[in-house]
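In: sequence and predicted structure below; questions after.
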Amino acid sequence: MKTWDAIVIGAGHNGLVNACYLQRAGLDVLVVEKNDWIGGAATSRSLTPGFLYSNCSYVCSLFRPEIMRDLELPRFGLQVISYEGGAVFTRDGDYLANYRDHHAHRREFARFSARDAEAYGRYARDVTRQCRFIQPLLMRTAPDPTSFRPRDIGELIYLGKKFAGLGATEMADTLRFWTMSISDFLDEYFETDVIKANFALSGIIGTALGPMSPGTAYVLLHHYMGEVDGSVGAWGYARGGMGAVTKALADSFRASGGTIRTGAEVEQVLVKNGKARGLVLAGGEEVHGKLVVSNADVKRTFLKLVEEKELPDAFLRRVKNFKMRGSSGKVNIALDSLPEFPALPKDSPCYRGDMHFTDSVERMERGYDDWKAGRWSADPFLDMMMPTMLDPTMAPPGKHFMSCFVQYCPPKVEGSDWTDADRDAFAETVVSQIADYSPGFRDRIVHMEVRTPRELEAEVGLTEGNIFQGELTFDQLLFNRPVPGYAQYRSPIDGLYICGSSTHPGGGVMGAPGRNAAHEILRDLSRPTKHMSPAHDVI
Amino acid sequence: MSKTAAKPLAEQAIVQAAHSPAQLHFRTLRVDTPFQPRIDALMKTNDWYDWGGYRAPASLWDEELEYFAIRSQAALFDISPMVKYRIEGPDAESFLNRLTLRDVAKLKPGRVHYTAWCDDAGHVLDDGTLFRLTETRFRLCCQERHLPWLLDSAIGFNVTVTEETEAIAALALQGPTSFAILREAGFAGVERLKIFDLAEFPHDGGSVVISRTGFTGDLGYELFVPADLALSLWDRLWQAGELRGIRAIGYTALNRARLEAGLIVANADFVTAEHAIRADRLRMPDEIGLGFMVDLEKGHFNGRRVIAQARSKDTLQHVLVGLEIEGNIPAEHAIVYHRQKKEVGLVSAAIWSPMAKRNIALASLQRPYGDTATDDLWVEIYAMRELKYERLMKRAKVVARPFIKLDRRTASPPAEF
Ligand SMILES: Cc1cc2nc3c(=O)[nH]c(=O)nc-3n(C[C@H](O)[C@H](O)[C@H](O)COP(=O)(O)OP(=O)(O)OC[C@H]3O[C@@H](n4cnc5c(N)ncnc54)[C@H](O)[C@@H]3O)c2cc1C
């Protein structure tokens, strides 16, 4: 029976990035994916004729350009297109737009507040400063402060130096920034509700926290530290939906000789004498490998796929306590014509951007209150867009794919499992919010895919439906992600690695966890890593 | 039991009848100034640039000849995009004294001074001109936008701060015949304006504020009117100037004149504190040649303690200097070296000066270079000539600014030409 050099559990984008790098280093790599399709939370599927959905993730910015280049993803069809601004609709029939043009942006803010219009410069400077601090850390393995290995000490010194390089006031700002709430952070710059709401959304997306919860300012940063071709903070569409990212990765992987098996659910990691030897698939088939890399989240990996007796107590406890509460849902809609939003002028570029209906931080926080009580938000926050305004590949001409990310949506409904009726009621909440601002909206709907944390967990395997495979709070970042002492992609089991978003630097379609894990694995194997570009300089 | 809270808003179409002009601004990304009809009529090069979101002329007909119009006749330049704040109230003077570096108590009504302001760390937020219109009313003109800073600084002072960039149109009339044109235009008493004086004159049922100020180092004036009087003001000057060679100019020509005058431009010659992403780009007044403004005697002002400390502890790191560079090839953005080896700074602006017949530049250097160590400085110029860099290493000498001094700038009464 064949023994693979490495087996990757899960064909999410991080699993595939990891597999690509290992295969290109000369290993013989197998990827096993439980679904009949690949991509995990970065996938595009056609569920109704003529339409393609980005079923989970829908916009791209975090994916590291170094990885795209190393793995030749453009050659395998990956194209990321920047999109234009967006709008927050206000309940009085107006809207606040975000324009790409700096001066248009200022004039738009000035419609609401002369002061806020001129505050954006300082805000952008401060956020950019924080991004520049964090960016170089993304493609580096986090140091283990408990180890005294020279390399960890070196990395700690690097971190320390970067931190010290900030200067006293910036250092204080950074510490505050990493721990404060997005609402408090924004209060330092802006006075207008809708303008604060406009920025606050980046602080709560995918997070089981409200805009007034400490720690949400960092989440904002997590959404700003990406780029589209050097334009830092910009977001774009992957042409063909987010599945284009994983499709390009899979094609690149296969082109370099890798093998992918879909429809193959892993039931258990084979462990002998404290060392991973392979897997058992559903149905009992054993697959042997010299090492195993799990792209599944940390809870699924260690609480479901590994027998508890193989793991140290302290580690198990930490994994159990790792926070990954689901907070979001997704509604994908096929539309037979372009919906109209009468608040917007017909030629508004906002149609080509992201649209929101939550015009105050207070409303967001109230939405969070519902989540805490175990309900989906009655007045949810939607991040809604129509990628087909720019991407001709996802719907027939004149028809549109609308992606609605929905917050908040609890893993359980008042303590009980989601039912189909709950799911339908949740969808109705979303549709009615859109219809409030877009007369005739319902009549345009051809098909809908509704995803609550239940569906996300069942399909993508995201425990509790948490979109980032673990919340992005300071206690769960850097050398604490996912578990202190195990932040370097290794586990207590020899030859078992983790490479998903549960690891540093965290969630989003970023590829960095998968890449960094490959770097550590190749290091353990004393294999060269010349095919892995270091992070681009931040100058 | 309902599993979700009551919905706050009944489903109803939120419709807005018509879109306001304010909402439609996105259709015009570069807006017009009140003078645009006149400038458009004169525009021959179609050479526009973006000045703070306005469609502004880089040149109108010939950037070289436009420069000579400044130095030989009179040049009309639209400065409406300059950011303007009205600062008014019983505490306006004490507020501005607290805000800015110079002593505003010494600025009498009817006078203008060039000043700058800093954040609490003593880093320059901007430089600009402060016009004292009356005892309690001021206008602050600058390059960048500062409303949040001004409003926050005004807390505790009985003063109002209003942004009036769009409401107030402004023109610079610069050059040897500028005085004669104003007199010809019927601004009686304009001959009494000494350098940095201002006065209000009747115009078209309203009034215009004329100051003897400018950005050229030449005889010149700046005129401020409410936007609706802009075109009649332009016409009045244009008519009066017909026989005295009045020409409209763009920024390229003005930029040459300002360099000869040794004047700096925010975010061209230094990075303003609210824009500096990299901490080492921040500058204290003494580091960009604005130390002369700092009045440590006048009482507390923003950044005072840090500025005083940096002086006494000798921790200033940079210096902005004027350079005279051998040869005639402009050294724009060239690296400055000590002994042709050690990199010590950067040229931020440079031209061949037609008035001084010298190759001049502004440069920011790392102290002590340019400060106490001024010998053996060199500038490395990469001159692109037909797709090849001609690399030149030229000797640079630190010289005093302004690079040119024209008697007509300050002569009182002002000369006819
Ligand atoms: C609704 C939603 C919207 C999002 N929006 C965005 C966005 O717009 N932009 C963005 O950057 N990020 C977004 N994210 C986050 C981002 O998509 C994820 O963080 C990221 O895709 C996770 O990738 P991964 O490779 O780490 O893991 P996953 O994508 O979770 O991949 C894990 C893979 O492992 C497989 N697997 C699990 N268990 C087994 C098993 N036992 N046997 C075999 N296979 C198994 C799964 O099927 C899956 O394919 C979103 C996420 C969600 C859910």
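Out: Cool, the structure landed. Numbers count the residues shown, from 1 in each chain, chains lettered A, B, ... in the order given.

In: make it CA atoms for all contacts and neighbour counts henceforth
Out: Will do.

In: let me see the mean pLDDT of whichever strand or helix holds A:Ala517.
Out: Secondary structure from DSSP states H and E places A:Ala517 in helix A:512-524. For helix A:512-524, the mean per-residue pLDDT is 98.

In: gap between A:Gln108 and A:Val232?
Out: Heads up, residue A:108 is Glu, not Gln. 22 Å (CA to CA, to the nearest Å).

In: more neighbours: which of the two?
Out: Taking neighbours as other CA atoms under 10 Å in any protein chain shown, A:Glu108 and A:Val232 compare with A:Glu108 leading, 23 against 16.

In: tell me the buried residues in whichever strand or helix holds that one?
Out: Applying DSSP H and E as the criterion places A:Glu108 in helix A:102-110. Buried residues in helix A:102-110, counted by 16 or more other CA atoms under 10 Å in any protein chain shown: A:His103, A:Ala104, A:His105, A:Arg106, A:Arg107, A:Glu108, A:Phe109.

In: what does that helix rub up against?
Out: A:96-99, A:116-118, A:120, A:195, B:23, B:25-26, B:29-30, B:52-53 (CA atoms under 8 Å, 6 or more residues apart in numbering or on different chains).

In: identify, from these, the entry nearest to the ligand.
Out: Nearest to the ligand among those, counting by CA to the nearest ligand atom, is A:Asn98 at 18.1 Å.

In: for the closest one, what are its contacts?
Out: By CA under 8 Å, 6+ apart, the contact list for A:Asn98 reads A:Gly85, A:Gly86, A:Ala87, A:His105, A:Glu108, A:Cys350.

In: from A:Tyr120, how far out is it?
Out: From A:Asn98 to A:Tyr120 the distance is 12 Å (CA to CA).

In: any idea how far A:Glu72 is from the ligand?
Out: Using CA to the nearest ligand atom, to the nearest Å, one gets 18 Å for the distance from A:Glu72 to the ligand.

In: ok, A:Glu267 - how many residues close by?
Out: A count of nearby residues for A:Glu267, using other CA under 10 Å, gives 18.

In: I'd like to know which elements the strand or helix carrying it is packed against.
Out: Counting by DSSP H and E, the element that carries A:Glu267 is strand A:266-272. Using 3 or more CA pairs under 8 Å, 6 or more residues apart in numbering or on different chains; DSSP states H and E, the elements in contact with strand A:266-272 are strand A:275-281.

In: now check the very next helix or strand once past the strand it packs on, is it near the ligand?
Out: Counting by DSSP H and E, the element after strand A:275-281 in chain order, helix or strand, is strand A:286-289. No: counting by CA under 6 Å from any ligand atom, the ligand has no neighbours in strand A:286-289; the shortest distance is 12.4 Å.

In: state the mean pLDDT of strand A:286-289.
Out: In this model, strand A:286-289 carries a mean pLDDT of 98.

In: confidence score at B:Ala13?
Out: Confidence at B:Ala13, expressed as pLDDT, is 47.

In: then the one 4 residues further on?
Out: On pLDDT, B:Ala17 comes in at 57.

In: same check on B:Phe196?
Out: For B:Phe196, the predicted pLDDT is 98.

In: what's the answer for A:Asp173, then?
Out: Confidence score, pLDDT, at A:Asp173: 84.

In: and it, which of the three is it?
Out: Following DSSP: H, G, I helix; E, B strand; the rest coil, A:Asp173 is assigned to helix.

In: quick check: residues of the stretch 201-350 of chain B near chain A?
Out: Residues of the stretch 201-350 of chain B lying near chain A by CA under 8 Å from any CA of the partner chain: B:Glu274, B:His275, B:Ala276, B:Ile277, B:Arg278, B:Ala279.

In: for the stretch 51-200 of chain B, same thing?
Out: Proximity of the stretch 51-200 of chain B to chain A is confined to B:Gly52, B:Gly53, B:Arg145, B:His146, B:Leu147, B:Pro148, B:Glu163 under the rule CA under 8 Å from any CA.

In: touching, the fifth one and B:Glu163? I think so.
Out: Yes: taking CA atoms under 8 Å as the contact criterion, B:Leu147 and B:Glu163 are neighbours in contact, 7.1 Å apart.

In: any common contacting residues for those two?
Out: Jointly contacting B:Leu147 and B:Glu163 under the rule CA under 8 Å, 6+ apart are A:Ala114.

In: let me see the contact set for B:Ala240.
Out: Applying CA under 8 Å, 6+ apart to B:Ala240 gives the contacts B:Ile181, B:Leu182, B:Glu184, B:Ala185.

In: of the residues you listed, which is the most crowded?
Out: The member of the contacts of B:Ala240 that has the most neighbours, counting by other CA under 10 Å, is B:Ile181 with 27 neighbours.

In: and the residue of the stretch 301-417 of chain B found nearest the ligand, which helix or strand is it part of?
Out: Going by CA to the nearest ligand atom, the ligand is nearest to B:His333 of the stretch 301-417 of chain B, at 39.0 Å. If you go by DSSP H and E, B:His333 is not part of any helix or strand.

In: which strand or helix spans the residue nearest to it when sequence neighbours are not counted?
Out: Setting aside the residues directly before and after it, B:His333 is nearest to B:Val347 in space (CA to CA, 6 or more residues apart in numbering or on different chains), at 4.7 Å. Assigned by DSSP H and E, B:Val347 belongs to strand B:342-353.
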